[in-house]
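Colleague: Structure, please.
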Amino acid sequence: MSSTAFETKRISDAPDVIAPDGCEVRVLCATPRDGMALFTLASGMVARAVVHRTIEEIWYFTRGQGRMWRKSGEREDITEIAAGISISIPLGEATIVAGNWPPTV
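Modeller: Below you'll find the model as predicted:
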């Protein structure tokens, strides 16, 4: 039986990376197969639209409000976003595409 170290981490003040859509990303914890991160988009900003090819995601919104455009194959929808809302993003790896609104980041 192998032993694995436990990871403990605080959210960093500065982003660890900027996502392809323009959001700030702060990595929380990660395992060899999965990870968890905090994504931040400033008030009034619009992220670049991306399509995912190989990554599945679940998003949970902790604060703010807005709208999110999602497209999977021929299916398209706009979801009203607010604190406490959770949505799923189907398989994909982020690649920038033409979106529903012009990006500001």
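
Colleague: helix/strand/coil for the closest residue to Trp69 other than its chain neighbours?
Modeller: Leaving aside its chain neighbours, Trp69 sits nearest to Asn100 (3.8 Å; criterion: Cβ to Cβ, 6 or more residues apart in numbering). In this view, the C-beta of every residue, glycine as well, is placed from N, C-alpha and C. What DSSP: H, G, I helix; E, B strand; the rest coil gives for Asn100 is coil.

Colleague: need the helix or strand of the protein with the lowest average pLDDT.
Modeller: Scoring the helices and strands of the chain by mean pLDDT, DSSP states H and E places strand 95-96 at the bottom, with a mean of 64.

Colleague: Next one: the residue nearest to Trp69 relative to Ser72, how far apart?
Modeller: Distance, Asn100 to Ser72, using Cβ to Cβ, to the nearest Å: 14 Å.

Colleague: just Val50 next, same as before
Modeller: 12 Å.

Colleague: Which one's more surrounded, these two?
Modeller: Using other Cβ atoms under 10 Å as the criterion, Val50 and Ser72 rank with Val50 on top: 17 against 13.
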